[in-house]
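K.L.:
Got a predicted structure here, sequence first:
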Amino acid sequence: MTSKQFSRIYLATLAGLVLLFLGVTGRLHPLFAVLGALLPFVARIIPLLTRGMQAFGLFQQFRNLTGAQSSTGPDQSEIKTRFLHVTLVHDSGMMDGKVLEGSMGGSMLANLNLQQLLVLLDECRVDADSLNVLQAYLDREHKGWRGSDNGGGTSSSDSGGELTKEQAYEVLGLMDGASKEEIVDAHRKLMQRMHPDRGGSTYLAARINEARKRLLGK
């Protein structure tokens, strides 16, 4: 016999002895009267408890579906150019961003169709960073888009200006003053997602490497 089974038998025996004592002393009837008076209240409260448990269950399901574990959200990197402000989610590799300039200014990339993105791409040709970032986005979200690009879809060989320290932290998704270990870890995780050999962007991989070099000096 386990300790749990023993406890159940002990409690059942104790409850039986209490009922027997109340019956012998004539106090059992008042107890039933109290229980009878509580029944309407219990009948009203049970549905409320049931709804509460259902609501709690739905809340837990929502948290599981959204992956919500804390209020901080997933780690993200940001790249800001003349035409674009793009965010990269580390865990999923998902990219999205806002158009800052041009005929699509104010639009989110995710809300633009391929034809609109190609128009934006043509506008971005005057800025190497914007062009390369948008091409990286198209490579991830619209595979095969290069066949639709009249400009040939070639990347600019100019990687843009040298990263500032603040921009390097943003590229790696870190706060200013992050430790060497945090910088190395962020760089490793991003390269696992963005390395060209794994379907990533050559431009973004170069910027990630540049950010690490800018912060660590090597």
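P.N.:
That came through, no problem.
K.L.:
can we go C-alpha only for contacts and neighbour counts from here?
P.N.:
Noted.
K.L.:
Which positions within the host helix or strand of Arg212 qualify as buried?
P.N.:
Using DSSP states H and E, Arg212 maps to helix 202-216. Neighbour counts over helix 202-216 (16 or more other CA atoms under 10 Å) mark 202-205, 207-212, 214-215 as buried.
K.L.:
Make sure I have this right: Asp96 is in a strand.
P.N.:
Yes. Assessed by DSSP: H, G, I helix; E, B strand; the rest coil, Asp96 belongs to a strand.
K.L.:
which residues sit against the helix holding Arg212?
P.N.:
Applying CA atoms under 8 Å, 6 or more residues apart in numbering, the contact partners of helix 202-216 are 132-133, 136, 159, 163-165, 167-169, 171-172, 180, 183-184, 187, 190-191, 194-196, 218.
K.L.:
Could you turn the buried ones of these into a ChimeraX selection?
P.N.:
Typed into ChimeraX, the line below selects the buried ones among those, using 16+ other CA under 10 Å:
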select :132,133,136,159,163,167,168,169,171,172,183,187,190,191,194,195
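K.L.:
Tell me which stretches of this protein form helices.
P.N.:
Secondary structure of the chain by DSSP state H: the helices cover 3-24, 28-66, 114-123, 128-141, 165-172, 180-194, 202-216.
K.L.:
Which of these has the lowest mean pLDDT?
P.N.:
Lowest mean pLDDT of the helices of the chain: helix 28-66, a mean of 52.
K.L.:
how does the chain divide up, domain by domain?
P.N.:
Structural domains assigned to the chain are 3-66, 76-216, following automatic domain parsing.
K.L.:
Quick check: Leu120 touching Met104?
P.N.:
Yes. Taking contacts as CA atoms under 8 Å, Leu120 lies within contact range of Met104: 6.8 Å.
K.L.:
These two - which one has more neighbours?
P.N.:
Neighbours were counted for Leu120 and for Met104 using other CA atoms under 10 Å; Leu120 has more, 23 against 18.
K.L.:
what's the residue lying closest to Met108 once chain neighbours are set aside in contact with, if anything?
P.N.:
Nearest residue to Met108 in three dimensions, chain neighbours excluded: Lys98, at 4.5 Å (CA to CA, 6 or more residues apart in numbering). Listed by CA under 8 Å, 6+ apart, the contact partners of Lys98 are 84-86, 105-109.
K.L.:
Got a PyMOL select line for the buried ones in the residues you listed?
P.N.:
Buried members of these, defined by 16+ other CA under 10 Å, are picked up in PyMOL with:
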select buried, resi 84+85+86+108+109
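K.L.:
Please convert the contacts of Lys98 to a markdown table, extending it with distance to His142 and pLDDT.
P.N.:
Formatted as a markdown table, the contacts of Lys98 follow (distance: CA to CA, whole Å; pLDDT from 0 to 100):
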| residue | distance to His142 | pLDDT |
| --- | --- | --- |
| Leu84 | 17 | 92 |
| His85 | 19 | 91 |
| Val86 | 16 | 88 |
| Gly105 | 20 | 89 |
| Gly106 | 21 | 92 |
| Ser107 | 17 | 91 |
| Met108 | 15 | 93 |
| Leu109 | 12 | 91 |
